[in-house]
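K.L.:
Need a 3D model of the sequence below.
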Amino acid sequence: MEEHEGTAARSEEPSRARAKRQWRVAPEGVMFVFVAVMLAGVGYAEVDDNRVLERRGEVAAATVVREEEGRAPLIEVRFVTRDGRTVETTTENYYEAEVGRTIQVIYDPMDPTRLQSTDWGYDYQTPAIVFGGGAVAALIVALVRCWSRPDEPSTD
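P.N.:
Below you'll find the model as predicted:
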């Protein structure tokens, strides 16, 4: 009889080992999935902006109207498009600019507020690495949060 009980106990052990972890919907996991989707969306938008400017962008001479320094420095520029419209907008994508000076910008003729300084270049790698890497990291955290151990059974 004891031998039979030992066999039953051994057969339960593997099922307990399999039940140690299980999938569950965790609020933190859902939040990290949302963060991953947002990061992927922003990264896609950044890469798409570069692609659009590279394909159909036009270069114009722009005057730097204002420069804001700080955590996210940006410049406000004014320029005239090829079809004669005067545009005043801002960009964070520049290296060197001084108020009152002229810089070269590349803009989208369909949406002239989509622009960057020509010295910035078409950078596909940085947004892909930063935002794509952030999205992957957020997904990993979400999976870890949703893959958990069930509550330990009470030993009463």
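
K.L.:
Now do the strands in this structure.
P.N.:
22-23, 58-68, 74-80, 86-91, 102-108, 111-117, 147-148 (DSSP state E).

K.L.:
do you know which of those strands lies nearest M38?
P.N.:
Counting by Cβ to Cβ, M38 lies closest to strand 111-117 out of these; the figure is 20.4 Å. Quick note: C-beta positions are derived from backbone N, CA and C, even for glycine.

K.L.:
ok, longest helix in the protein?
P.N.:
helix 27-56 (DSSP state H).

K.L.:
Can you give me the buried ones in that helix?
P.N.:
If you call a residue buried by 16 or more other Cβ atoms under 10 Å, then helix 27-56 has these buried ones: 29, 32-33, 35-36, 39-40, 43, 46-47, 49-50, 53.

K.L.:
which non-adjacent residue is nearest V25?
P.N.:
Take V25 and drop its neighbours on the chain: the residue closest to it by Cβ to Cβ, 6 or more residues apart in numbering is C146, 6.6 Å away.

K.L.:
Just to check, the one you found is in contact with W23?
P.N.:
Yes - between C146 and W23 there is a contact at 5.9 Å, judged by Cβ atoms under 8 Å.

K.L.:
Mind pulling the model confidence for D151?
P.N.:
With respect to pLDDT, D151 scores 55.

K.L.:
If you could redo that for L53, that was the one I meant.
P.N.:
Reported pLDDT for L53: 90.

K.L.:
isn't it right next to Y122, touching?
P.N.:
Yes - here L53 reaches Y122: they are 6.9 Å apart, a contact under Cβ under 8 Å.
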